[in-house]
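> Next input, structure requested:
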Amino acid sequence: MHLYSIDTNPRERVLYALAAVAVGILTLLLRFRGTFWYPYVAPSGPIIYALLVTCFDRWVWRLLLARRVLGIPDLNGVWEGSFRREGEDDVHEARLTITQSLSRIKITFRGRSSSSTSIAADLSIADEQNIILRWQYDSKPLQATEKTTDKYGEGATRATLEIEDGEYKLSGLNFTTKKRLGSFVVHRVSKRSASIL
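Residues are numbered from 1 along each chain as shown. Here you go, the predicted model:
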C-alpha cells in the first residue's frame, strides 16, 4: 500500500483531535499513579497517541459517522464490471480490488490479458456528488511473451465514483505510456478486500 492525497485534507484535523484525546487519556491514567500496578503499565503519551492514530487510520474512520464528518468514501472491496480498449468492439471482464485505510491505498486491476497495481493515487472530493479517484500504475501481461512484453508499462486512470441507493460504481478512462487507451465500468460486489495489516 502507498500513501494517497486528498484535496480536502481532513486528516490534519484528525491528528490534532487524536493528540487532544491522547493527552486526556494520559491525564486520566496518571490519577492511578499510587496504585500497585502503575509501575508495570506506566503510560506514555507518544505510545497512547500512536495507538490512537493506528486504530483510527485502519478501522475507526470506516464507521459511518466518522466518514460523514471526514467526507471520505470507503472504497474497500472487490469491484467487477467491463473494460473496453479504444478501437476494439470486444468488451472484456474487469476486476478491481481496492484496499484502503485513511492514509494508504492499493488499487489492483485485472483484465483479460493484463494486470496492474497502483503506485500513486489521489482522491478529489468536490462534494458527495463529484468524487474522482485518480491513480498511476504499473501494468504487466498475465502471461509474458516476446510479443506482449513491450505492450505494457506505466499508465494512469481517472475514475468517477457514483453512489446511488448504497450501490457504488466507478467508471473511467485509462491510458498507458504505450499509447493504449481504454474505458471501464465496475460495481462494488464485496466490501471486503485484502487485509491492511
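
> ok, then the element right after the lengthiest helix in the chain?
If you go by DSSP state H, the chain has its longest helix at helix 11-30. Moving toward the C-terminus from helix 11-30, the next helix or strand (DSSP states H and E) is helix 45-58.

> Now do that following helix against helix 11-30, angle only.
130 degrees (axes from the mean of the first three to the mean of the last three Cα atoms, to 10 degrees).

> what element comes up after helix 45-58 heading to the C-terminus?
Next along from helix 45-58, by DSSP H and E: helix 64-70.

> If you count neighbours, what's buried in that following helix?
For helix 64-70, burial by neighbour count (16 or more other Cβ atoms under 10 Å) applies to 66, 70. Placement of C-beta: from N, CA and C, glycine included.

> quick one: contacts of it?
Helix 64-70 is touched from outside by 10, 14, 56, 60-61, 73-74, 102, with contacts defined as Cβ atoms under 8 Å, 6 or more residues apart in numbering.

> From these, list just the buried residues.
Judged by 16+ other Cβ under 10 Å, buried ones among those: 14, 56, 61, 73-74, 102.

> Nearest to residue 124 among these?
residue 73 (11.5 Å; Cβ to Cβ).

> I figured that closest one was touching residue 131, is that so?
Yes. Using Cβ atoms under 8 Å, residue 73 is in contact with residue 131, at 6.1 Å.

> Now for these two: what residues contact both?
Common contact partners of residue 73 and residue 131 (Cβ under 8 Å, 6+ apart): 123, 125, 161.

> Output these as TSV; include the columns neighbour count and distance to residue 22.
Formatted as TSV, the shared contacts of residue 73 and residue 131 follow (neighbours: other Cβ atoms under 10 Å; distance: Cβ to Cβ, whole Å):
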residue	neighbour count	distance to residue 22
123	20	27
125	18	27
161	21	33
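
> Which ones among these map onto strands?
Using DSSP state E, the members of those that fall in strands are 123, 125, 161.

> what's the lowest-pLDDT member of the residues you listed?
Ranked by pLDDT, those bottom out at residue 125 (89).

> Tell me the spacing between that residue and residue 5.
As for residue 125, its distance to residue 5 is 11 Å (criterion: Cβ to Cβ, to the nearest Å).

> that older thread, now the shared contacts of residue 73 and residue 131 in a markdown table, please, with extra columns for distance to residue 178.
Formatted as a markdown table, the shared contacts of residue 73 and residue 131 follow (distance: Cβ to Cβ, whole Å):
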| residue | distance to residue 178 |
| --- | --- |
| 123 | 27 |
| 125 | 31 |
| 161 | 27 |
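
> any idea which of these is the one closest to residue 107?
Nearest member of these to residue 107, counting by Cβ to Cβ, is residue 123, at 11.2 Å.
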